[in-house]
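Novice: Sequence and computational prediction follow.
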Amino acid sequence: MSGHSKWANIRFRKERQDSVRGKVFTKLIKEITIAARNGGGDLDTNPRLRTAVQNAKAQNMPAKNIENAILKGTGELPGVIYEEVNFEGYGPGGVALYIIVTTDNRNRTVSEMRHLLSRYGGNLGESGSVSWVFEKKGLIRIRKESLSEEAMMMQAIDAGADDFKVEDEFFEIYTPFDSLHKVRSALEQSSVTIENAELTMVPQNMVELEGKQAEQMLKLMEVLEDHDDVQNVFANFDIDVKLMEKMQQ
């Protein structure tokens, strides 16, 4: 598999291998806080919060950090008030970019996003300029280990998944956007261990990049994903897998 989904998996592995856990914790805390503020602090009635907490636990975040993030989100503890903002724009070669940020200063973040995109051959677009390129999906990753591919695929389909892919050491299970939590729960009830689950944006068409444009695009992805306010970046580039892996070394 090539394209942004391959890049996402390379970055997903890297987060579990290198020393960026501090950044991972920061992003998870922001997600928990936003989820609690928007949907309340009850995990049973707030699927987004439940997923955020499960992902935080998978990263071995201390329970007290999780609890405090929830209480800050519900207003029971004082803390920074974050706003969730989506940016749309273009990267090198006309690649569509959909950027999700949580920020305590929208004007600052707008300026910084505009600067980063222009620095690496892109530009910000208007709201709605590229969102049509992507389809909202749920994504569940499960470590392959000793699991049978065929059995896992049938189990995922029975649970309500609409796509199944094999990627390196993971099975990737895609679900309808509003069925992520239902499918996850069904798999967990079957004693399947979930590596992580998240809402994602799947591109419906791809832009093939080579040479300098490909390198620029990957550098742009790195600086965006490393930005403190950025929660996630989705793009529709198709770049040679070997180049992507080389850039991450």
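Specialist: That came in fine, so what should we check first?

Novice: Could you chop the protein up by domain?
Specialist: Following automatic domain parsing, one gets these domains for the chain: 4-74, 83-132+205-247, 134-203.

Novice: which stretch in these has the least confidence?
Specialist: Mean pLDDT values for the domains of the chain show the minimum at domain 4-74, a mean of 84.

Novice: after the helix or strand hosting residue 100 comes which helix or strand?
Specialist: Taking DSSP states H and E as the criterion, residue 100 maps to strand 96-103. Next helix or strand after strand 96-103 toward the C-terminus (DSSP H and E): helix 106-119.

Novice: Longest strand in this protein, please.
Specialist: Longest strand in the chain by number of residues (criterion: DSSP state E): strand 134-143.

Novice: Next SSE downstream of that strand?
Specialist: Criterion used, DSSP H and E; the element after strand 134-143 is helix 149-159.

Novice: Measure how that next one sits relative to strand 134-143, angle-wise.
Specialist: Orientation check (axes from the mean of the first three to the mean of the last three CA atoms, to 10 degrees): helix 149-159 against strand 134-143 gives 130 degrees.

Novice: Find the nearest non-adjacent residue to residue 184, please.
Specialist: Excluding the flanking residues, the one nearest residue 184 by CB to CB, 6 or more residues apart in numbering is residue 197, at 5.0 Å. Glycine gets a C-beta too; all of them are placed from N, C-alpha and C.

Novice: meant to ask about residue 192, not that
Specialist: residue 142 is the one closest to residue 192 (CB to CB, 6+ apart), at 6.1 Å.

Novice: again, but for residue 121
Specialist: residue 92 is the one closest to residue 121 (CB to CB, 6+ apart), at 3.9 Å.

Novice: Report the separation between the one you found and residue 61.
Specialist: As judged by CB to CB, to the nearest Å, residue 92 and residue 61 stand 35 Å apart.

Novice: what does residue 214 give?
Specialist: Note on residue 214: its distance to residue 61, by CB to CB, is 35 Å.

Novice: Confirm residue 224 sits in a helix?
Specialist: Yes - counting by DSSP: H, G, I helix; E, B strand; the rest coil, residue 224 is found in a helix.

Novice: List the contacts of it.
Specialist: If you count contacts by CB atoms under 8 Å, 6 or more residues apart in numbering, residue 224 has them with 97, 99, 113, 116, 230, 233.

Novice: what separates it from residue 28, distance-wise?
Specialist: Distance check for residue 224 against residue 28: by CB to CB, it reads 18 Å.

Novice: so which helix or strand takes in the closest residue to residue 65 other than its chain neighbours?
Specialist: Nearest non-adjacent residue to residue 65, counting by CB to CB, 6+ apart: residue 29, 6.6 Å away. Using DSSP H and E, the element containing residue 29 is helix 21-39.

Novice: what comes up buried for that helix?
Specialist: Across helix 21-39, burial judged by 16 or more other CB atoms under 10 Å covers 25, 27-37, 39.

Novice: what does stretch 96-106 give?
Specialist: For stretch 96-106, burial by neighbour count (16+ other CB under 10 Å) applies to 96-103.

Novice: Could you do stretch 187-203 as well?
Specialist: 187, 192, 194, 196-203.

Novice: coming back round to it: mind putting the buried residues of stretch 96-106 in TSV, distance to residue 80 included?
Specialist: As requested, the buried residues of stretch 96-106 are exported to TSV (distance: CB to CB, whole Å):
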residue	distance to residue 80
96	31
97	26
98	24
99	20
100	18
101	14
102	10
103	10
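
Novice: one step back: and the gap between the residue nearest to residue 65 and residue 180?
Specialist: Between residue 29 and residue 180 the computed distance is 21 Å (CB to CB).

Novice: same check, this time on residue 213
Specialist: Residue 213 is 33 Å from residue 180, by CB to CB.

Novice: just residue 70 next, same as before
Specialist: For residue 70, the distance to residue 180 equals 20 Å [CB to CB].
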